[in-house]
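1. Next comes the sequence, and after it the predicted model I'd like to discuss.
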Amino acid sequence: MEIALYVLAAVLMVGGLVGNILPALPGIPMIFGGIWLAAAVNQYQHVGLWWLVVIGVLGTVGVIVDFVAATLGAKRIGASPLALSGAGLGTLIGMFLGIPGLLLGPFVGALLGELASGTSVLRSAHVGAATWMGLLFGTLIKLVISFVMIGLFAFAMLIG
């Protein structure tokens, strides 16, 4: 049974890495779940409370970055408050529309918000593109945080 649980923990971690790229899966929570499962199977001998807290804090930062990255991309180029709200709303609505919604939601939300503030179509498209670039940058940061989480887990298992 132990081996099956370790395999499940590994599947969760690998699935979480894939989920960081495919927005249909909750990547970082899956990775943390796999780490926690492996720690529990090992009765927290190698990965104890403090390791789980540190890894959990990193995971929380990763999830927050995921939600705000698109908005920060728009803010960086001086988007209007309506565009920032649109990017956030587009991200939220996009979560319920599958992969196309997650990829296009922040862009469309920022574009529509900027258009509603009275700027040109070209400027609105520029804000939308910056929002999408923020989303890509957020994905990169999520991947880095995910690998750090797994690396800390592996380190704790080796030294514990």
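-> All right, it came through fine. Residues are numbered from 1 along each chain as shown.
2. list the helices and strands the lengthiest helix in the chain packs on?
-> Determined from DSSP state H, the single longest helix within the chain is helix 121-159. The helices and strands touching helix 121-159, judged by 3 or more CB pairs under 8 Å, 6 or more residues apart in numbering; DSSP states H and E, are helix 2-21, helix 27-41, helix 49-76, helix 81-94, helix 98-116. (Each C-beta comes from the backbone N, C-alpha and C, glycine too.)
3. And these: which comes nearest Phe137?
-> Closest of the helices and strands packed on helix 121-159 to Phe137 is helix 49-76, at 6.0 Å (criterion: CB to CB).
4. got the buried residues for stretch 126-138?
-> Using 16 or more other CB atoms under 10 Å as the test for burial, stretch 126-138 gives 126-135, 137-138.
5. Going by distance to Thr91, which of these wins?
-> Leu135 (8.1 Å).
6. pretty sure the closest one is touching Val68, no?
-> No. Counting by CB atoms under 8 Å, Leu135 stays clear of Val68, with 10.4 Å between them.
7. From Val127, how far out is the residue most central in space within the chain?
-> Nearest to the mean C-alpha position of the chain, by CA atoms, centre = their mean, lies Asp66 at 3.6 Å. To Val127, Asp66 is 20 Å away according to CB to CB, to the nearest Å.
8. same question, Leu22
-> Look at Leu22 and Val127: by CB to CB, they are 26 Å apart.
9. One more: Glu114?
-> 4 Å.
10. overlap in contacts of those two?
-> By CB atoms under 8 Å, 6 or more residues apart in numbering, Glu114 and Val127 have these common neighbours: 79-80, 83.
11. So Phe32 sits against Gly56, correct?
-> Yes. The criterion here is CB under 8 Å, and Phe32 meets it with Gly56 at 6.2 Å.
12. Who has more neighbours out of the two?
-> Each of Phe32 and Gly56 has its neighbours counted (other CB atoms under 10 Å); Phe32 has more, 25 against 14.
13. Would you mind measuring from the more buried one to Gly78?
-> 36 Å.
14. any idea how far Phe137 is from Ala69?
-> According to CB to CB, Phe137 and Ala69 sit 6 Å apart.
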